[in-house]
Each structure stands twice: as structure tokens, then as C-alpha cells.
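> sharing a model that was predicted from the sequence below.
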Amino acid sequence: MKNCTHRILAVLLALCLSGCSFPGRRETETEEIGGAPVTVTSRNGWCLLEGFAMDTLIRLEYRGKDADAAARDAFLAVTDMEKLWSVTDPESEVSRLNEAGEAELSADTAAVLEKALEACRETDGAFDPVLFRLKEVWGWLDDPHVPDPQSLGKALAASGSGKLSLSGSSARLTDGAGIDLGGIAKGRAAEVLASRAGAYEVDSALLNLGGNIRTLGRKPDGSDWKIGIRDPEDGSSLLGVLTLAGSGCVVTSGAYERSFTEDGVTYGHILNGTTGYPAEGDLVSVSVTGTDAARADALSTALFVMGREKAAAFWAERRDFDMVLLDRDGTVWISAGIESSFSTDRPVQTIQP
Ligand code: ADP
Ligand code: MG
């Protein structure tokens, strides 16, 4: 419930910041798309669609002649991806692969899994899509709890990208391993929506998939997008605001998103695939901004696992994305690339290459 409240607050905050003021009368309708109830508010040339999918709030705002059609098509696409990638739906393609140990995948699933493996290689396994048995043993599918050592050992032995082979669309898992795309699915979905928008007459869009933000084009008045990054310790205030000039993304990961407390210890949902335990770095939240929301999603999870120093070194070697890190002492660290586009009231340190 607490998580849910957090997520709703995050989306509300993003809503305020996006400043969706639009003159004139609006039509609001409630309907069902892809089996999920949604609210669609529209006025000529503008459409806002909100609904719940992929276990989170989805808020899609489009501007342009085809705004309505684009928004509905986008939400339907999200529900389609959820049906393919959900680990709680036993009928999903991912669940079937995890159950059978091998499967011929659809093009969409093969593509996201390929992306996930790329991120796994790039981050030296800090991001790993083959941690499903660990997710399961920690009870994240139904009832989160600390597993007994024997079950944890078994789950750890059935985890890691080395247990997956993907050749074109054929996937095979060994040793009872399972895949989980939870750390990249929303980012990938945002990218899929961005490319689908190309089929419509859309001038700009602001896509928010549970706090994973993807912008498309420029705002109609030519001003920059202002994306708020939530303060994880206080859901109603902001850690800072990032300015995006045109198409781009801001994706945030943090243990606070989903956690549980047992015997006074808090355990987060981001796992360290080496220890089998929740990642216990020195970071509270990680936001990544760049051009590809799928990569940003995977990287935000990976950098959280790495901790501040490794994350800084990882960034310095590449510099093809930027990041905002919040550490346990309350200090905000930003990569040098966003020095002029990030504003905050907090103490801030800039990471230089
Ligand atoms: P959120 O889903 O809250 O936006 P993330 O993008 O960080 O946050 O994804 C966390 C999810 O990713 C977990 O719930 C789990 O499904 C999966 N996951 C956890 N640890 C890892 C990891 N080390 N690598 C890849 N995926 C992970
Ligand atoms: Mg992620």
C-alpha cells in the first residue's frame, strides 16, 4: 500500500510539473483498453490518457492532430507488452519460457531480451535479466520475506545470465533458471511507444510509465521540458528538476520503490546477482537521462547495484548518458554533462570525467 501511495504521488508530481494547462472545455471518458480501465481526457489536438498497467500508473500525454488515436494505440501496446513480459501472469511468454526452460520468442520479446543482455554485458552483470529465481525466493511475486539459506542457495545457483542462451528468437535456460524483465520493461515500453508515435501526426508527447519519463519533440510553446525527480525520503517534494530540450528520457531506480522490513532490517527489490541479497550500496536513488529509455532503465538499476564510486567510474568511461545519484548522506551527485540543466536546493557534487 505504501508503495502504491508513493507511485501515485510520483505521478501526481510529474503531472504538476508537466503543467498541462490547456484552454477550453475538455471531454473526459472512461473506457477499457487492452482489458484495463483508462481515463481519456481530450480536446482537439491534445489528449491525456491515464491507466494502470505493468503494475504501475501509466500517464500518456500527446499533442498533435492524431493525439487521441496515438494515445489509445500506445496504451494498447503497453498492455500487449505486459501480456508478453509479466512474471505474475502464468500465460505470458516469459512465464512459459521460465516454466519450460526453452521457447521460440516473439520478435518483441527477443528484442527486449537482447537489449537486457547487452546491458548485462555492459554493466558486468550488475544488471542481469536472469535473476527470476532470486526474485521468486525473496517472495516478490506475492509475499516478500527473507528466504531460508538453503532456498536462497538454490535460487542463487539458478541465476545469472550464463544460464541463458539466446539465438535469434530461440531462448534456452539451464539449471532451472528464469528470466525477469522487471528492470527494463518500462523503459523498453517507453521506447516502443516513442517509435510507434511516428505513425501518427503528433507534435510532442510526454510519456510517464510509473516514473520512467520519455519526452518526444518539443513543447508547443518551444519551452523546455522540466522533469522533476522525486525526493525518495519525502514523496511530496523534489530532489531536483532536470531540463530536457527535446526528445529524451529520465528514468529513476531506488530501493524505496518497493521494500519490506523484517526484524528491523529493510530489504529492497533491487538484487545483487552475486550475493543473492538485495543490493546494499551507498545509494538511495539513481536517475539516468539519455536518448534510449530502455538502456537508461537498465543502467539506473545497474548503477544502484554498483554504488557511487563504481557508478562514477562507469559514467566517466562512457559519458553517453548522464545521471543524478542520491547517497545515504543526502548528497546529490550529478555527472558533469547535466551541470547546467539540473537544479536542486540540496548540496550537490559534480562528477568530472
Ligand atoms: P522499478 O521497477 O521500481 O522502476 P527498476 O527499474 O530498478 O525499478 O527495476 C527493479 C526490478 O528489476 C525488480 O523489481 C526486479 O524485477 C528486477 N531486478 C532486480 N534486481 C535486478 C538486477 N540486478 N538486474 C536486473 N533486474 C533486476
Ligand atoms: Mg530499471
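Here it is on my side, so go on. Numbering: from 1, shown residues only. Ligands and ions are numbered 1, 2, ... in the order given.

> helices along the chain, start to end?
2-18, 67-85, 93-100, 107-122, 132-137, 149-157, 185-196, 293-306, 308-318 (DSSP state H).

> whether stretch 130-143 contacts ligand 1 - can you check?
Yes. Using C-beta under 6 Å from any ligand atom, we find that stretch 130-143 touches ligand 1 at 131, 135. (Glycine included, C-beta is placed from N, CA and C.)

> quick one: is that stretch near ligand 2?
No. Stretch 130-143 lies apart from ligand 2 when judged by C-beta under 5 Å from the ion; the minimum separation is 12.4 Å.

> can you list the residues of the protein near ligand 1?
Looking at ligand 1, the residues of the chain close enough under C-beta under 6 Å from any ligand atom are 127-129, 131, 135, 180, 182-183, 253, 257-258, 269-271, 273, 297, 300-301, 305.

> residue contacts, the residue in the stretch 51-200 of the chain that ligand 2 sits nearest to?
Residue of the stretch 51-200 of the chain nearest ligand 2, by C-beta to the ion: residue 183 (4.0 Å). Residue 183 makes contacts with 116, 127, 129, 253, 270, 297, 298, 301, as judged by C-beta atoms under 8 Å, 6 or more residues apart in numbering.

> repeat that for residue 196.
So residue 196 contacts 70, 73, 74, 77 (C-beta under 8 Å, 6+ apart).

> ditto for residue 50
38, 39, 57, 58, 59, 60.

> quick check: ChimeraX command selecting the buried ones in those residues.
Selection of buried members from the contacts of residue 50 for ChimeraX, criterion 16 or more other C-beta atoms under 10 Å:
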select :38,57,58,59,60
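
> mind listing what whichever residue of the chain sits closest to ligand 1 touches?
Here the chain gets closest to ligand 1 at one residue, residue 182, 2.4 Å apart by C-beta to the nearest ligand atom. Residue 182 is in contact with 87, 135, counting by C-beta under 8 Å, 6+ apart.

> ok, 10 Å please
54-55, 85-87, 94, 129, 131-132, 135, 140, 258, 269-270, 297, 301 (C-beta atoms under 10 Å, 6 or more residues apart in numbering).

> how about residue 172?
Contacts of residue 172 by C-beta under 10 Å, 6+ apart are 97, 100, 101, 102, 103, 163, 164, 165, 166.

> correct me, but the fifth one touches residue 84?
No. Using C-beta atoms under 10 Å, residue 103 makes no contact with residue 84, being 11.3 Å away.

> now render the contacts of residue 50 as a markdown table, adding pLDDT and distance to ligand 2.
Rendered in a markdown table, the data for those read as follows (pLDDT from 0 to 100; distance: C-beta to the ion, whole Å):
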| residue | pLDDT | distance to ligand 2 |
| --- | --- | --- |
| 38 | 97 | 24 |
| 39 | 98 | 27 |
| 57 | 97 | 16 |
| 58 | 98 | 16 |
| 59 | 98 | 18 |
| 60 | 98 | 19 |
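
> just checking, which of the contacts of residue 50 belong to strands?
With DSSP state E as the criterion, strands contain 38, 39, 57, 58, 59, 60 from among the contacts of residue 50.

> quick check: the fourth one touching residue 214?
If I follow you right, that is residue 58. No. Between residue 58 and residue 214 there is no contact under C-beta under 10 Å: 11.5 Å.

> okay, and the common contacts of those two?
Joint contacts of residue 58 and residue 214 (C-beta under 10 Å, 6+ apart) are 186, 189, 190, 193, 207, 208.

> beta partners of the residue lying closest to residue 165 once chain neighbours are set aside?
Of all residues not flanking residue 165 in the chain, residue 172 sits nearest, at 4.9 Å (C-beta to C-beta, 6 or more residues apart in numbering). Applying DSSP bridges to residue 172 yields these beta-bridge partners: residue 102, residue 165.

> now do residue 325
The partner residues for residue 325, given DSSP bridges, come to residue 286, residue 333.

> what is the burial count for it?
27 (other C-beta atoms under 10 Å).

> quick one: pLDDT of it?
At residue 325, the pLDDT value in this model is 97.
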